[in-house]
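Enquirer: Mind looking at a prediction? Sequence and model below.
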Amino acid sequence: MGILEIEKLRKHFYLNPGLLARVVGKKKPSVIKAVDGVSFSVEAGEILGIAGESGCGKSTTCSLITKLLEPTSGVIRYKGQDLSGVGKKELKAYRRQVQIIFQDPYESLNPRFTTFDLVAEPLRATGNEGKGEIRKKVFSTLELVGLKPDEYQNRYPHQMSGGERQRVGIASALVLDPELVIADEPVSMLDVSIRAGILDLIRDLSQRLQFTCIFVSHDLSILSNICERLMIMYLGKVMELGTIREIIAEPLHPYAQALISAVPIPDPSYKRPRPRIKGEVSQPIDPPPGCRFHTRCPQGTMEACELEDPPLKEVKPGHFVSCHLY
Amino acid sequence: MLLDIHNLKTHYQTESGTVKAVDGVSFSIAEDEVFGLAGESGCGKSTLIRTIMRLVPGNARVSAERLAFRGQDLLAMSDHDYREKILWQEISLVPQSAMNSLNPVHRVGDQVVEAILAHSDMGRREAAARVVSLFEGVGLQAGLTHSYPHEFSGGMRQRAMIAMSLALDPSLIIMDEPTTGLDVLVQERILRKLAEIRRQVKKPKSILLITHDISVIAEMSDRIGIMYAGRMMEAARSLELFNEPFHPYTLGLKNAFPSIKAPDRQLISIPGSPPNLIGDIPGCVFAERCPFAIADCNHVFPDFKEVSPGHFAACIRTDHIDEFRQRAGDKSTWESSKSKS
C-alpha cells in the first residue's frame, strides 16, 4: 500500500458569465475540469515524477494533495486515512508531514527574513519547540542542505545566489522532517551549472531522511535523471503511468510518444523524427466526451475514442495507460 | 562575413563601479548560418544583443576593434543611418518573452504593419498584404491578423513575433531565448518552422540564436559560442564543440546538462558561482571555479586563440586538454575545486 493513495480525484472550477452575458447572450456557466478523475498511488520512499504541458493539471493536483484546494470529488488517502473529513487538529498534523519546495527561489522567500528566520518559520508556525530547540534544528537542517550555518544564518535572500536561495527553500521545507515532499519545478529557474547540485541534493536527502517525493516538472530530461516512476498528464487526466525507464524507452500512449520525441537532445548529430501530432493544446473548458486527446491523436481515431473516455488500464505489470488502443 | 565582431566591450558606468558586462568578445557569423550563443544568466548575452541593436542605456560605453556588418562599420554609423538602413531591414530581433512584447490594445496584424511602415517605403495596403503572407509563412491563418494578443496562445504570439522579424526580409535575425517558457511540443514546432522558413525564403538568412538551453542550441546551430562572465570562452562548429571541447567550462556545462537519452549518466554541477563583473579580473574569469586552474590562470590573460581550424578557445592550458577531457567526467574532479575556493 502506498503512503498516498488518490482515487478518482476531481477539481472543477466554474466560470459564471456576468449578468449581461447571461440575460442577453444566453451564455451558460462553463466548467474548467482542471483535474478530472485522477487515480494513482505514491509508494513510501520513492520519487514520483509528474510531467505535462501547462494546463494539464499537475499543479492543481499538488494543491489538492497539500490541501490548499478542496477537491470537487474523489478521495485522497494518506497512510490509509481519508483526508476529506479530518478535523483542524489532524489537518495541522498532516501539514507538518507534507511540505512543498517551490519553483522560484527569487519570489518564494520573504525578502525581509534572514536565512535563519526563513528556516525557523515553519517550526514557529506549527510547533511548540523552544528557542534552543529551534536553533538546533535550523542549524542541523542548514548543514544538511550544504549551507554553513555560521556563514549563512544572517544573510538575506538578496545576498545569496539562486542556487543558495533554493537550498534555503529546501531547508525550510525539510526542517519539519516531512514524510512527503512536493517539489514543484524546483530547478526550472536555476542556471544549468547549478541544477545538477540541487537535483543531487534532493535525491540524496530523500534517501537519507527517507521522505517520499513528488517531483513536478515540464522537463522530461530532468525527470529522467531523478525519478523512478513517471506520470504523464494531459488536460486533467493521467495518460500514462509507469517506471520512467519503460516510458522513455517505449512510450505507449500516442501523447506520451509525441511528448518524448519532442524533447531536445544535447547532441548536434541527433536527427529528430517528424512529429505526427496535430493542433495545439485545447483548454480544459467544457471538454468534449471521449478521449481528451482524440482531436490531436496521430493514430487516427476509432469510434470509441470520440464517445468513451478510456480508463487507466494496467497493460504491463506496473505500467498504466489510458488509451483505447490497448 | 555577415557580422564580424572583434574585441567588443560594453561597460556600464554605475555608482558602485564599472560593470564589464561584455568584455572583449570576438566572433563572426557567415551568410546563411545559424550561430548559437549559449551562456548562463549574467554572462552578458543580452548586453551583447543590445549592443548590436543599439538598445544599450546611456551609461554604457561601447568599444570594439571591429563591429562590422557586411564590411560596414556599425560603430561609426550614425543613429539615423542605422535606423534607416540596418534596423529591421538587415538585422531584426525576436525579443525574449515575446509573450509581453506585443501591445495588448492593438490588433496583432496592425502591429506588424506599423513596423513595416516605420522602416520601409511600402504603402499601407501593400504592407497589410505582406503581413498576411508572413502570417501564413509561420503557420498562422490569415484571419488571425485581426486578433488581439490576448486571443493568442504563447506559441502563436511567438510565431507572430517571428513573422514580424521577417517583415522586411532581413539577412540576420537575432533571437533571444525564442522558446524559453514554451511547452516542449510548441517549442519543437517553432524550431521546425524556423528551419522550414530558412529553406523556403530566397534570400539567405542567418540567425544569431541566444539561449541557455544547450539542447536547443545543439539541434539548431551550425556553429556555437559559449559565453561566461562577459567573455567568449569557446567557439566552434557544433559537432566539434560537443565532441572535442577545449575549454574546461564547456566540459563542465556538458556534464551538468541532462539528456533524456542518457538517464543513467550522473550529472555534475560546477561548484561556485560566476564572479562579480565589477572590477578587474586580470586572468581567466572561470579560474575560480575551474578544477584545472593553476596559479597562472589568475593573472595571465587567456587569449581567444585558434586551437584547431575554426575552433577557438580562451584557456591557457589547452595543451593539457586530453587529460582534462578524461578527468572532467569524474565527479571528484569538480568537487576538488570547491574545497579549493
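Expert: Arrived safely. Numbers count the residues shown, from 1 in each chain, chains lettered A, B, ... in the order given.
Enquirer: Contacts for stretch B:59-69 next, please.
Expert: Where contact means Cβ atoms under 8 Å, 6 or more residues apart in numbering or on different chains, the residues beyond stretch B:59-69 that reach it are B:1-14, B:47, B:51-52, B:56, B:73-75, B:86, B:90-91, B:172. Quick note: C-beta positions are derived from backbone N, CA and C, even for glycine.
Enquirer: filter the residues you listed down to the ones near chain A?
Expert: With Cβ under 8 Å from any Cβ of the partner chain as the criterion, the contacts of stretch B:59-69 include none near chain A.
Enquirer: Would you mind checking the residues you listed for buried ones?
Expert: Among the contacts of stretch B:59-69, those classed as buried by 16 or more other Cβ atoms under 10 Å in any protein chain shown are B:2-5, B:8-12, B:47, B:51-52, B:56, B:74, B:86, B:90-91, B:172.
Enquirer: now, which of those residues lie within helices?
Expert: B:47, B:51-52 (DSSP state H).
Enquirer: hey, where'd the strands end up in the chain?
Expert: Using chain A. Using DSSP state E, the strands found in chain A span residues A:4-15, A:30-42, A:47-51, A:73-78, A:81-82, A:98-101, A:180-184, A:212-216, A:229-234, A:237-243, A:313-316, A:319-321.
Enquirer: Switch to chain B, please.
Expert: Across chain B, reading from the start of the chain, the strands by DSSP E fall at B:3-14, B:17-29, B:34-38, B:60-63, B:66-69, B:72-73, B:91-94, B:172-176, B:206-211, B:223-228, B:231-237, B:305-308, B:311-313.
Enquirer: With mean pLDDT as added columns, please give those in a markdown table.
Expert: Converted to a markdown table, those look like this (pLDDT from 0 to 100):
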| stretch | mean pLDDT |
| --- | --- |
| strand B:3-14 | 94 |
| strand B:17-29 | 94 |
| strand B:34-38 | 95 |
| strand B:60-63 | 94 |
| strand B:66-69 | 94 |
| strand B:72-73 | 92 |
| strand B:91-94 | 92 |
| strand B:172-176 | 94 |
| strand B:206-211 | 94 |
| strand B:223-228 | 96 |
| strand B:231-237 | 96 |
| strand B:305-308 | 94 |
| strand B:311-313 | 96 |
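Enquirer: With distance to A:Asp184 as added columns, please give those in TSV.
Expert: As requested, these are exported to TSV (distance: least, Cβ to Cβ, whole Å):
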stretch	distance to A:Asp184
strand B:3-14	35
strand B:17-29	32
strand B:34-38	27
strand B:60-63	38
strand B:66-69	44
strand B:72-73	50
strand B:91-94	29
strand B:172-176	27
strand B:206-211	23
strand B:223-228	30
strand B:231-237	33
strand B:305-308	43
strand B:311-313	39
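Enquirer: and A:Asp191, what does it touch?
Expert: A:Asp191 makes contact with A:162-163, B:40-41, B:212 under the criterion Cβ under 8 Å, 6+ apart.
Enquirer: When you compare pLDDT across the residues you listed, which one is lowest?
Expert: By pLDDT, B:Ser41 ranks lowest within the contacts of A:Asp191, coming in at 84.
Enquirer: For burial, what's the neighbour tally of that one?
Expert: Residues contacting B:Ser41 under the criterion other Cβ atoms under 10 Å in any protein chain shown number 13.
Enquirer: where does chain A have low pLDDT?
Expert: By pLDDT under 70, the weakly predicted segments of chain A are A:1, A:279-284.
Enquirer: Look up how far chain B lies from A:Ile222.
Expert: If you measure A:Ile222 against chain B using Cβ to the nearest Cβ, to the nearest Å, the figure is 5 Å.
Enquirer: Please apply the same query to A:Pro264.
Expert: Distance of A:Pro264 to chain B, given as Cβ to the nearest Cβ: 3 Å.
Enquirer: need the strands of chain A in TSV with distance to B:Leu191, can you?
Expert: Compiled in TSV, those are given as follows (distance: least, Cβ to Cβ, whole Å):
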stretch	distance to B:Leu191
strand A:4-15	33
strand A:30-42	29
strand A:47-51	20
strand A:73-78	39
strand A:81-82	47
strand A:98-101	31
strand A:180-184	27
strand A:212-216	25
strand A:229-234	22
strand A:237-243	24
strand A:313-316	33
strand A:319-321	28
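Enquirer: So which of the ones you listed is nearest A:Gly146?
Expert: With Cβ to Cβ as the measure, strand A:98-101 is the member of these nearest A:Gly146 (14.8 Å).
Enquirer: how far does the closest one sit from the chain's center?
Expert: What separates the centre of strand A:98-101 from the centre of its chain is 11 Å, taken as Cα atoms, centre = their mean, to the nearest Å.
Enquirer: Paired strands for it, with orientation please.
Expert: As defined by DSSP bridges, the strand partners of strand A:98-101 come to strand A:180-184 (parallel).
Enquirer: And the helices in chain B, which stretches?
Expert: Per DSSP H, chain B has helices spanning B:45-53, B:79-81, B:108-119, B:124-137, B:154-165, B:184-200, B:214-220, B:238-243, B:248-256, B:321-328, B:331-340. These are given in chain order.
Enquirer: Just send those back as CSV, with distance to A:Asp150 and mean pLDDT too.
Expert: Output for the helices of chain B, formatted as CSV (distance: least, Cβ to Cβ, whole Å; pLDDT from 0 to 100):
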stretch, distance to A:Asp150, mean pLDDT
helix B:45-53, 36, 92
helix B:79-81, 53, 91
helix B:108-119, 55, 91
helix B:124-137, 60, 91
helix B:154-165, 45, 88
helix B:184-200, 43, 86
helix B:214-220, 36, 91
helix B:238-243, 42, 94
helix B:248-256, 29, 93
helix B:321-328, 33, 93
helix B:331-340, 18, 72
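Enquirer: near chain A, which residues of the stretch 201-341 of chain B?
Expert: Looking at chain A, the residues of the stretch 201-341 of chain B close enough under Cβ under 8 Å from any Cβ are B:212-216, B:218-219, B:221, B:238-239, B:241-242, B:252-261, B:263, B:265, B:267-271, B:273.
Enquirer: What count of nearby residues applies to the nearest residue to B:Thr14 once chain neighbours are set aside?
Expert: Setting aside the residues directly before and after it, B:Thr14 is nearest to B:Asn59 in space (Cβ to Cβ, 6 or more residues apart in numbering or on different chains), at 6.7 Å. For B:Asn59, the number of neighbouring residues by other Cβ under 10 Å comes to 12.
Enquirer: how much space between A:Leu91 and A:Pro111?
Expert: Plainly put, A:Leu91 is 29 Å away from A:Pro111 if you go by Cβ to Cβ, to the nearest Å.
Enquirer: which residues does the residue nearest the centre of chain B contact?
Expert: For chain B, the residue whose C-alpha lies nearest the mean C-alpha position (Cα atoms, centre = their mean) is B:Ile210; its distance is 2.5 Å. Residues counted as contacts of B:Ile210 (Cβ under 8 Å, 6+ apart) are B:36-38, B:45-46, B:48-49, B:174-177.
Enquirer: what do you get for B:Val105?
Expert: Counting by Cβ under 8 Å, 6+ apart, B:Val105 has contacts B:Tyr148.
Enquirer: go on, the one 3 residues further on?
Expert: If you count contacts by Cβ under 8 Å, 6+ apart, B:Val108 has them with B:102, B:144-145, B:147-149, B:152, B:157, B:160.
Enquirer: Counting neighbours, which of the residues of the stretch 201-341 of chain B next to chain A end up buried?
Expert: Among those, the ones that count as buried (16+ other Cβ under 10 Å) are B:212-216, B:218-219, B:221, B:238, B:241-242, B:252-260, B:263, B:267-271, B:273.
Enquirer: List the residues that contact B:Met53.
Expert: B:87, B:91, B:93, B:174 are the contacts of B:Met53 under Cβ under 8 Å, 6+ apart.
Enquirer: Tell me the bridge partners for the second one.
Expert: Okay, so that is B:Ile91. With DSSP bridges applied, the residues forming beta bridges to B:Ile91 are B:Leu87, B:Leu172.
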